[in-house]
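Trainee: What would the 3D arrangement of this be:
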Amino acid sequence: MNNGCSLVVMLVTRALLQAIRLSLANLVPEEPDATCNEPVALLRIRCPDGRVLNRRFLVSSPLRVLLTFVGSEGFAPNTFKLLTTFPRKDVST
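Mentor: Modelled structure (predicted):
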(Lines give C-alpha, C1' and ligand atoms only; values in the text may rest on other atoms or scores of the structure.)
Protein backbone atom coordinates (compact mmCIF):
# COMPACT_ATOMS: atom_id res chain seq x y z
CA MET A 1 0.00 0.00 0.00
CA ASN A 2 1.47 3.37 -0.91
CA ASN A 3 1.66 6.35 1.43
CA GLY A 4 -1.36 8.05 -0.19
CA CYS A 5 -3.60 5.04 0.46
CA SER A 6 -2.26 4.69 4.00
CA LEU A 7 -3.11 8.30 4.73
CA VAL A 8 -6.64 7.87 3.38
CA VAL A 9 -7.18 4.74 5.48
CA MET A 10 -5.90 6.54 8.56
CA LEU A 11 -8.17 9.55 7.98
CA VAL A 12 -11.23 7.39 7.33
CA THR A 13 -10.50 5.32 10.44
CA ARG A 14 -10.11 8.45 12.56
CA ALA A 15 -13.38 9.88 11.20
CA LEU A 16 -15.19 6.59 11.86
CA LEU A 17 -13.92 6.43 15.45
CA GLN A 18 -15.01 10.03 16.03
CA ALA A 19 -18.47 9.24 14.64
CA ILE A 20 -18.75 6.24 16.97
CA ARG A 21 -17.72 8.38 19.96
CA LEU A 22 -20.34 11.01 19.11
CA SER A 23 -22.99 8.36 18.60
CA LEU A 24 -22.23 6.83 22.00
CA ALA A 25 -22.18 10.25 23.67
CA ASN A 26 -25.72 10.83 22.39
CA LEU A 27 -26.84 7.64 24.16
CA VAL A 28 -25.50 8.70 27.57
CA PRO A 29 -28.16 10.37 29.72
CA GLU A 30 -27.48 13.87 30.99
CA GLU A 31 -25.37 13.98 34.13
CA PRO A 32 -27.50 14.56 37.23
CA ASP A 33 -26.71 17.85 38.94
CA ALA A 34 -25.76 18.29 42.58
CA THR A 35 -29.35 19.12 43.54
CA CYS A 36 -30.84 15.92 42.10
CA ASN A 37 -33.45 14.36 44.41
CA GLU A 38 -32.63 10.80 43.34
CA PRO A 39 -29.69 8.84 44.78
CA VAL A 40 -26.53 9.65 42.82
CA ALA A 41 -23.10 7.98 42.68
CA LEU A 42 -19.99 9.99 41.85
CA LEU A 43 -17.56 7.78 39.97
CA ARG A 44 -13.87 8.40 39.31
CA ILE A 45 -12.57 6.65 36.25
CA ARG A 46 -8.78 6.46 35.84
CA CYS A 47 -7.74 6.32 32.20
CA PRO A 48 -4.59 4.65 30.87
CA ASP A 49 -3.27 8.05 29.76
CA GLY A 50 -3.44 9.36 33.36
CA ARG A 51 -6.64 11.38 33.03
CA VAL A 52 -9.28 10.98 35.69
CA LEU A 53 -12.90 11.27 34.62
CA ASN A 54 -15.31 12.34 37.36
CA ARG A 55 -18.99 11.93 36.61
CA ARG A 56 -22.24 11.49 38.50
CA PHE A 57 -24.67 8.71 37.59
CA LEU A 58 -28.06 7.90 38.98
CA VAL A 59 -27.80 4.87 41.26
CA SER A 60 -30.71 3.37 39.32
CA SER A 61 -28.81 3.57 36.00
CA PRO A 62 -27.83 0.20 34.56
CA LEU A 63 -24.14 -0.64 34.15
CA ARG A 64 -24.67 -0.27 30.39
CA VAL A 65 -24.87 3.53 30.88
CA LEU A 66 -21.43 3.60 32.49
CA LEU A 67 -19.96 1.39 29.76
CA THR A 68 -21.48 3.63 27.09
CA PHE A 69 -20.02 6.70 28.79
CA VAL A 70 -16.54 5.16 28.84
CA GLY A 71 -16.95 4.25 25.16
CA SER A 72 -17.94 7.83 24.38
CA GLU A 73 -14.59 8.91 25.83
CA GLY A 74 -12.84 6.87 23.13
CA PHE A 75 -12.23 3.53 24.81
CA ALA A 76 -13.33 0.44 22.90
CA PRO A 77 -15.00 -2.22 25.08
CA ASN A 78 -12.14 -4.69 24.69
CA THR A 79 -9.51 -2.13 25.78
CA PHE A 80 -10.56 -1.44 29.36
CA LYS A 81 -11.85 -2.99 32.56
CA LEU A 82 -14.08 -1.42 35.15
CA LEU A 83 -12.92 -2.41 38.60
CA THR A 84 -14.28 -1.70 42.05
CA THR A 85 -11.70 -0.51 44.56
CA PHE A 86 -12.48 -2.75 47.54
CA PRO A 87 -12.93 -5.55 47.26
CA ARG A 88 -11.28 -5.39 43.83
CA LYS A 89 -13.75 -6.86 41.36
CA ASP A 90 -14.08 -6.65 37.57
CA VAL A 91 -17.60 -5.40 36.79
CA SER A 92 -17.10 -4.83 33.05
CA THR A 93 -17.91 -8.41 32.04
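
Trainee: Quick one: end-to-end distance for stretch 51-64.
Mentor: Start-to-end span of stretch 51-64 (C-alpha to C-alpha, to the nearest Å) is 22 Å.

Trainee: Show residues contacting it.
Mentor: 29, 31-34, 36, 38-47, 65-66, 69, 73, 91 (C-beta atoms under 8 Å, 6 or more residues apart in numbering). In this view, the C-beta of every residue, glycine as well, is placed from N, C-alpha and C.

Trainee: In the chain, where's the longest helix?
Mentor: helix 3-27 (DSSP state H).

Trainee: The next helix-or-strand element following that helix: partners in the sheet, and parallel or antiparallel?
Mentor: With elements assigned by DSSP states H and E, the helix or strand that comes after helix 3-27 is strand 40-46. Take DSSP bridges as the rule and strand 40-46 pairs in its sheet with strand 52-58 (antiparallel).

Trainee: Okay, Phe57 and Arg21: tell me how far apart.
Mentor: Here the criterion is C-beta to C-beta, to the nearest Å. By it, Phe57 lies 19 Å from Arg21.

Trainee: element containing the spatially most central residue of the chain?
Mentor: Centroid-nearest residue in the chain, with C-alpha atoms, centre = their mean: Val70, separated by 1.0 Å. Under the criterion of DSSP H and E, Val70 resides in helix 63-72.

Trainee: What mean pLDDT does that helix get?
Mentor: Helix 63-72 shows a mean pLDDT of 90.

Trainee: relative to strand 40-46, how tilted is that helix?
Mentor: Computed by axes from the mean of the first three to the mean of the last three C-alpha atoms, to 10 degrees, the angle separating helix 63-72 from strand 40-46 equals 40 degrees.
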